[in-house]
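**Q** Prediction below, plus the sequence it came from.
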Amino acid sequence: MPFEPAADVRPTGNVPHVAILLCAYNGERYLAEQLDSIETQTHREWSVWVSDDGSSDGTAKILQEYSDRWGSDRLIVVHGPSRGFAANFLSVACRSEIKADYYAYSDQDDIWQPDKLRRALEHLEPSGHATPTLYCSRTQLIDSKGRSIGFSPLFTREPGFRNALVQNVGGGNTMVFNHAARQLLMSAGPDLKIVAHDWWTYVAVSAAGGVVVYDPRPSLLYRQHGGNLIGSNSGLGARLLRVRLLMRGQLRAWIDENMTGIRRISPRLSVANRNVFDAFLASRDGGPVRRVCGLKRSGVFRQTFMGNVGLFVAALFKKL
């Protein structure tokens, strides 16, 4: 059964409060550096909710040290569901006791720029609180020793539902969203099986006709190392991996999972998005010509030319 969200109890103070949703698992190597970057945020009205997914290293000790220093109302630790990172993020995003004006996903091993939250709120506040609104940004990539190694891809096409159906444009570590978007996630429920919490957040907000802001200016240092569950999607290796996954039908399986979520929030879809959704669904079945022509009619797209070529190849071979 879909999760029933709590009543709207968004704080109404003059300074917006941000609940930072940090998921941890054996993160002792970099966790303190991430917490330090949160502590230096120029937007000071925040609290950190850490969902620890069963760490067996020194993560708990580090969290206790910061809780002692910041106060137990500033850093709160809860137990994760131990079903992987996506389920962990979704579980903490749907915890009804967390109440804020805005919510920010946080990985355990990045470094936030000091103005990350302030800049996000500057983009989010103009949309008000009634419309689901999501902010995400480009990232600066660093290696395990903190050395700059480039940037994540720069996307130039406007984000929206037609794009979200087949691609995620923003890493979860950059995402900040308002209370209306959080209520949308809660209505779909924490038990939703999804490949990635950030892609689902983009899908849900755009499906409901919300506002999605993509900031081309990086908001954090995104650490690339052997322990990353999901790394940057730039580079030749990442492109070849995407092709392999596509031809193995992995993309189709991931889209199926997001489709289940969309059906749970179907009453929130606008007429235009419902038409896009129906057209896209129709393009996934039938003969090759029907699939390819249906994909074109749906208007669904990826951000690059070669990405769109890949979409039509996937439709041709029924891998979408």
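**A** Happy to help now that I have it. Residues are numbered from 1 along each chain as shown.
**Q** hang on, Ser47 in a strand?
**A** Yes: using DSSP: H, G, I helix; E, B strand; the rest coil, the assignment for Ser47 is a strand.
**Q** and it, what does it touch?
**A** By CB atoms under 8 Å, 6 or more residues apart in numbering, the contact set of Ser47 is His17, Val18, Ala19, Ile20, Asp73, Arg74, Leu75, Ile76, Ala100. Placement of C-beta: from N, CA and C, glycine included.
**Q** again, 6 Å this time
**A** Neighbouring residues of Ser47 by CB atoms under 6 Å, 6 or more residues apart in numbering: Ala19, Arg74.
**Q** Arg284 now?
**A** Leu320.
**Q** That one: what secondary structure?
**A** Arg284 - assigned by three-state DSSP - is coil.
**Q** and the gap between it and Asn275?
**A** Between Arg284 and Asn275 the distance is 16 Å, computed by CB to CB, to the nearest Å.
**Q** And Gly310, by the same measure?
**A** Distance from Gly310 to Asn275, by CB to CB: 24 Å.
**Q** Glu33 too?
**A** In terms of CB to CB, Glu33 sits 47 Å off from Asn275.
**Q** what's the answer for His17, then?
**A** 38 Å.
**Q** Between the two, which is the more surrounded one?
**A** His17 (17 against 13; other CB atoms under 10 Å).
**Q** Touching, Ser91 and Pro190? I think so.
**A** Yes: shown here, Ser91 and Pro190 form a contact pair, counting by CB atoms under 6 Å, at 4.7 Å.
**Q** These two: which has the busier surroundings?
**A** Ser91 (22 against 17).
**Q** Over to the more buried one: give its phi and psi.
**A** Dihedral pair for Ser91: phi -70, psi -40, per degrees, to the nearest 10.
**Q** which residues touch Ala60?
**A** Neighbours of Ala60 in contact, by CB under 6 Å, 6+ apart: none.
**Q** For it, give me phi and psi.
**A** Backbone phi and psi, for Ala60 under degrees, to the nearest 10, turn out to be phi -60, psi -40.
**Q** likewise Tyr105?
**A** Torsion angles, degrees, to the nearest 10, at Tyr105: phi -70, psi 150.
**Q** show me where pLDDT drops low in the protein?
**A** Counting by pLDDT under 70, the chain has low-confidence residues at 1-13, 226-243, 245-247.
**Q** helix, strand or coil for the residue nearest in space to the middle of it?
**A** The residue lying closest to the centre of the chain (CA atoms, centre = their mean) is Asp198, at 1.7 Å. The three-state label given to Asp198 by three-state DSSP is helix.
**Q** What is the burial count for the nearest residue to it once chain neighbours are set aside?
**A** Counting by CB to CB, 6 or more residues apart in numbering, Asp198 lies nearest to Gly172, which is 3.2 Å off, once chain neighbours are set aside. Neighbour count for Gly172, taken as other CB under 10 Å: 24.
**Q** Neighbours of Gly71, how many?
**A** The number of residues packed near Gly71 is 10, by other CB under 10 Å.
**Q** Which residues does stretch 261-281 contact?
**A** Contacts of stretch 261-281 (CB under 6 Å, 6+ apart): 2, 161-162, 165, 187-188, 192, 200, 207-209, 297-298, 300.
**Q** Compute the distance between the residue nearest to Gly299 when sequence neighbours are not counted and Lys296, please.
**A** Computed as CB to CB, 6+ apart, the closest residue to Gly299 that is not its neighbour in sequence is Arg162, at 5.0 Å. Arg162 is 12 Å from Lys296, where distance means CB to CB.
**Q** for the chain, longest helix please?
**A** Looking across the chain with DSSP state H, the single longest helix is helix 250-264.
**Q** returning to that earlier point: now the helix or strand encompassing the residue nearest to Gly299: buried residues?
**A** According to DSSP states H and E, Arg162 maps onto helix 161-164. Using 16 or more other CB atoms under 10 Å as the test for burial, helix 161-164 gives Phe161, Arg162, Asn163, Ala164.
**Q** what about the helices in the stretch 51-200 of the chain?
**A** Listed in chain order, the helices of the stretch 51-200 of the chain (DSSP state H, counting those that start in this stretch) span 59-70, 85-93, 116-124, 161-164, 179-188, 197-207.
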